[in-house]
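>>> Build me a model:
(one chain, ligands or ions: 1)
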Amino acid sequence: MIQEKIAVVTGASRGIGKAIALKLASMDMTVIVNYAGSKEKAENVVKEIEEKGGRAEAVQCDVADFAQCQRMIEDVHKRYGSIDVFVNNAGITRDGLVMVMKEEDFDDVIATNLKGTFNCIRFVSRIMMKQRHGKIINMSSVSGVAGNAGQVNYSAAKAGVIGITKSMARELASRNVNVNAIAPGFIETDMTGALSEKVKEQAVSQIPLGRFGKAEEVAELAGFLAGDKSNYITGQVFHIDGGMVI
Ligand code: NAP
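Numbering: from 1, shown residues only. Now for the predicted structure:
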């Protein structure tokens, strides 16, 4: 009998996280759909998965809060018996030029994107090491690789996520746990929906493939990294950006 796999996707109520949750559910995994505030949206993601014959549950947890992450992860593990895939996807932006950036805008972005990743892997790594298998996928960004004007907070956090990914890959490889990062460029979600038309046009002009990506395209990559076909890949950063950073 094949044991069902349990996947947790943070920030899965919308955008890229939602698309990843749907993809992993289509791969026959039971998916924990984490959200911060969008309860109804997360429950709709669960409904969509169940309507397609899959299994899912919505779980509220602010990834910026260490104790909440411990509670969520230990509770999921206790109730389901394993955590086979963990996707650190939750993220926010608070863009602004550095000379006018508010201190809390720097702190909030670091707390969610960078510390939030640590808060989760701190507890999930112990579980996966004991199981002697697991896949961790961390959401970085082209901004963390190449930088972006107006995003010192976000690019610092996303570069930090790459550092976490590489160190963790080295720490966990002997226990058969793979840790990789995805660095998307501009993807059509609420996050990029907030950009002005002028900024969007400028962005498209820098993308060799000439368009924004779709959340489902990122989800395909995440699905590959979460599945068995990527068993020999760890510590890598995968760009999915239409050729923005080559
Ligand atoms: P999005 O549409 O704004 O959705 C963000 C998701 O993160 C939501 O589900 C939100 O939950 C959740 N979230 C935010 N703060 C959270 C917290 N403290 N605890 C738990 N969940 C939290 O964003 P997206 O565009 O899909 O981005 C997803 C990831 O990809 C992020 O890490 C982002 O930095 C990265 N990324 C995005 C792009 C892009 O172009 N879109 C490019 C590169 C990288 P609620 O709905 O409950 O608020």
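>>> how near is the spatially closest residue to residue 115 that is not a sequence neighbour to the ligand?
Leaving aside its sequence neighbours, residue 115 sits nearest to residue 64 (Cβ to Cβ, 6 or more residues apart in numbering; 6.3 Å). All C-beta spots, glycine's among them, are computed from the backbone N, C-alpha and C. Noted for residue 64: a distance of 5 Å to the ligand, by Cβ to the nearest ligand atom, to the nearest Å.
>>> Could you do residue 200 as well?
Per Cβ to the nearest ligand atom, residue 200 is found 11 Å from the ligand.
>>> Equivalent analysis for residue 224, please.
Following Cβ to the nearest ligand atom, the distance that separates residue 224 from the ligand is 17 Å.
>>> Let me know the pLDDT of the residue most central in space within the chain.
Geometric centre of the chain, nearest residue: residue 89, 1.8 Å, by Cα atoms, centre = their mean. pLDDT recorded at residue 89 is 98.
>>> just the strands in the chain please.
5-9, 29-35, 55-60, 85-88, 134-139, 177-184, 237-240 (DSSP state E).
>>> For residue 111, find the nearest of these.
strand 85-88 (13.6 Å; Cβ to Cβ).
>>> Is there contact, residue-wise, from the closest one to the ligand?
No. Applying Cβ under 6 Å from any ligand atom, one finds strand 85-88 separated from the ligand by no less than 7.8 Å.
>>> which strands and helices sit next to that strand?
Judged by 3 or more Cβ pairs under 8 Å, 6 or more residues apart in numbering; DSSP states H and E, strand 85-88 is in contact with strand 5-9, helix 15-26, helix 116-131, strand 134-139, helix 215-226.
>>> Can you add mean neighbour count and give the ones you listed back as JSON lines?
Conversion of those to JSON lines gives the following (neighbours: other Cβ atoms under 10 Å):
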{"stretch": "strand 5-9", "mean neighbour count": "27"}
{"stretch": "helix 15-26", "mean neighbour count": "26"}
{"stretch": "helix 116-131", "mean neighbour count": "20"}
{"stretch": "strand 134-139", "mean neighbour count": "25"}
{"stretch": "helix 215-226", "mean neighbour count": "21"}
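>>> Test for you: state the pLDDT assigned to the closest residue to residue 227 other than its chain neighbours.
Excluding the flanking residues, the one nearest residue 227 by Cβ to Cβ, 6+ apart is residue 27, at 6.2 Å. Per-residue pLDDT puts residue 27 at 98.
>>> quick one, what contacts residue 27?
By Cβ atoms under 8 Å, 6 or more residues apart in numbering, residue 27 lies in contact with 5, 223, 226, 227.
>>> Phi and psi next, for the last one.
Backbone torsions for residue 227, taken as degrees, to the nearest 10, come to phi -100, psi 180.
>>> Can you pull the poorly scored residue ranges out of the protein?
Low-confidence segments of the chain (pLDDT under 70): 1-3.
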